[in-house]
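**Q** Sequence and computational prediction follow.
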Amino acid sequence: GEDVEQSLFLSVREGDSSVINCTYTDSSSTYLYWYKQEPGAGLQLLTYIFSNMDMKQDQRLTVLLNKKDKHLSLRIADTQTGDSAIYFCAESIDYGGSQGNLIFGKGTKLSVKP
Amino acid sequence: DTEVTQTPKHLVMGMTNKKSLKCEQHMGHRAMYWYKQKAKKPPELMFVYSYEKLSINESVPSRFSPECPNSSLLNLHLHALQPEDSALYLCASSQGPRSYEQYFGPGTRLTVT
């Protein structure tokens, strides 16, 4: 079955790089995503990667995908206090022609200390 | 405009009440979603509407009744809820059912007493 695993907590100092890791089980996943959720708010799509790519960079964010090991990571360069939030890894399953079935990990709470 | 709006922001209801959650987007998206998120848990998909037709119902109890009156609006009608239904209800939309970018609203925090 589908399962997405993440470590629950990460604490870094302001200015350092943060690396959040995720493993998934479904090899048929077509897209993998990183969402950010601030307290009391909805989810913000940060970035996504297609399963035939191994890296994607977008400003301070770098996504690495190791399809063989089913491992996804999100690196945030120069982490700021405003990056403190919960980060969800998600995979999309092709569900009857729809990409609508997002399977989320439990989320990693990133705390940034000044 | 990449915004999905949801009303109300907070809702407290008794187990015998009937209430509705509303979601709206004006991005021309043709797929809309309801998710339920319990505290300290990830979101779980409840329903998917594709071109105003219900395409996915993840075995959700009938006390939750979705409605898509037009391509911009999505409602979730609530009746005879249980305290364990208390959660954050998130609406999302995407360009189409095969689109990979889902935009989420801020959610409605529901408390059932």
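**A** Thanks, I have the structure now.
**Q** For the rest of this, base every contact and every neighbour count on C-alpha atoms.
**A** Noted.
**Q** Output the below-cut-off pLDDT ranges for chain B.
**A** Residue ranges of chain B with pLDDT under 70: B:1-2, B:98.
**Q** residues contacting the most centrally placed residue in it?
**A** In chain B, the residue lying closest to the centroid (C-alpha atoms, centre = their mean) is residue B:34, at 3.2 Å. Applying C-alpha atoms under 8 Å, 6 or more residues apart in numbering or on different chains to residue B:34 gives the contacts B:45, B:46, B:47, B:48, B:89, B:90, B:91, B:92.
**Q** ok, whatever helix or strand it lives in: who's next to it in the sheet?
**A** Assigned by DSSP states H and E, residue B:34 falls within strand B:31-37. Using DSSP bridges, strand B:31-37 pairs in its sheet with strand B:44-50 (antiparallel), strand B:87-94 (antiparallel).
**Q** Could you say which of those is packed most deeply?
**A** Mean neighbours per residue, mean count of other C-alpha atoms under 10 Å in any protein chain shown, is largest over the strands paired with strand B:31-37 for strand B:87-94, with a mean of 27.
**Q** Now that one - C-alpha only, CSV.
**A** In CSV, the C-alpha atoms belonging to strand B:87-94 read as follows (Å, rounded to 0.1, in the frame of the first residue of the first chain):
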residue,chain,number,x,y,z
ALA,B,87,-10.9,18.8,12.7
LEU,B,88,-9.5,21.4,10.2
TYR,B,89,-11.4,21.0,6.9
LEU,B,90,-9.3,22.1,3.9
CYS,B,91,-10.5,22.8,0.4
ALA,B,92,-8.2,22.7,-2.6
SER,B,93,-8.4,23.2,-6.3
SER,B,94,-6.4,22.4,-9.4
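**Q** Count the neighbours of residue B:70 for me.
**A** 12 (other C-alpha atoms under 10 Å in any protein chain shown).
**Q** residues contacting the residue in chain A positioned nearest to chain B?
**A** At 3.9 Å from chain B, residue A:42 is the closest residue in chain A, using C-alpha to the nearest C-alpha. By C-alpha under 8 Å, 6+ apart, the contact set of residue A:42 is B:90, B:104, B:105, B:106, B:107.
**Q** Out of the residues you listed, which is nearest to residue A:81?
**A** Comparing those against residue A:81 with C-alpha to C-alpha places residue B:106 closest, at 21.0 Å.
**Q** Go ahead and confirm the closest one touches residue A:39.
**A** No: between residue B:106 and residue A:39 there is no contact under C-alpha atoms under 8 Å: 10.4 Å.
**Q** can you pull out the strands in the chain?
**A** If you meant another chain, say so; for now it's chain A. Applying DSSP state E to chain A gives strands spanning A:4-6, A:9-13, A:18-24, A:31-37, A:43-50, A:55-58, A:61-66, A:71-76, A:85-95, A:98-104, A:108-113.
**Q** nope, chain B
**A** Going by DSSP E, chain B shows strands at B:4-7, B:10-13, B:18-25, B:31-37, B:44-50, B:53-57, B:64-70, B:73-79, B:87-94, B:103-104, B:108-112.
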